[in-house]
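Engineer: 3D model of this:
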Amino acid sequence: MRHFLVAILLSLFGLSLSSQDNLSGTWKTDKDNTLVKIEKQNDIFIGKAISSDDKNIKPGTLMIKNLKLKNGKLEGEIYVPNREQWFDGSFQVQNDKMKITVTLAFISKTVVWTKDKK
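Structural biologist: Numbers count the residues shown, from 1 in each chain. Take a look at the predicted model:
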């Protein structure tokens, strides 16, 4: 039984690491044709806009910061331009999709970004 639990924990840890490996690259957000380039800097990931149809998002705008693995989950902050605010979020990467969930009190919102294959 002990070996079984260790195997499960190692596989979950491995999945988290592979999510991190697949995180770097260019992602298309769910609206305004916004492209965000995510890259690792030291021990965290950041994401900057490289293009957008939204007049409030200029190239170089920091969109994701402090993104790192915490307690087996990817957590960080995401910038919401129309509110001009940062929100804590959880990030789940599966293949070429990234689900970003922000929760405030009893309300949560999830958006899905798609990895740009160009």
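Engineer: quick one: contacts for Ile100?
Structural biologist: Going by CB atoms under 8 Å, 6 or more residues apart in numbering, Ile100 touches 78, 89-91, 110-113. Every residue, glycine included, has its C-beta placed from N, CA and C.
Engineer: bridging residues for it?
Structural biologist: Listed beta-bridge partners, Ile100: Phe91, Val111 (assigned using DSSP bridges).
Engineer: Find me the pLDDT at it, would you?
Structural biologist: Among the per-residue scores, Ile100 holds a pLDDT of 97.
Engineer: Give me the distance between it and Gly89.
Structural biologist: With distances defined as CB to CB, to the nearest Å, the gap from Ile100 to Gly89 amounts to 5 Å.
Engineer: Give me the common contacts of the two.
Structural biologist: Between them, Ile100 and Gly89 share these contacting residues under CB under 8 Å, 6+ apart: Ile78.
Engineer: For Glu84, give its distance to Gln41.
Structural biologist: When CB to CB is applied, the distance between Glu84 and Gln41 equals 23 Å.
Engineer: correction: Ala105
Structural biologist: Here the distance between Ala105 and Gln41 works out to 31 Å (CB to CB).
Engineer: Looking at the two now, which is surrounded by more residues?
Structural biologist: Just comparing Ala105 and Gln41: by other CB atoms under 10 Å the higher neighbour count belongs to Gln41, 8 against 5.
Engineer: closest to Asp53 among the contacts of Ile100?
Structural biologist: Trp113 (15.5 Å; CB to CB).
Engineer: name the element the closest one belongs to?
Structural biologist: Using DSSP states H and E, Trp113 sits in strand 107-115.
Engineer: Quick check: buried residues in that strand?
Structural biologist: Buried residues in strand 107-115, counting neighbours by 16 or more other CB atoms under 10 Å, are found at 113, 115.
Engineer: try stretch 92-103
Structural biologist: The neighbour-count criterion (16+ other CB under 10 Å) identifies 93, 98, 100, 102 as the buried residues of stretch 92-103.
Engineer: so what's the second one closest to, chain neighbours aside?
Structural biologist: Here the nearest residue to Met98 in space, its sequence neighbours aside, is Trp113; by CB to CB, 6 or more residues apart in numbering that works out to 4.6 Å.
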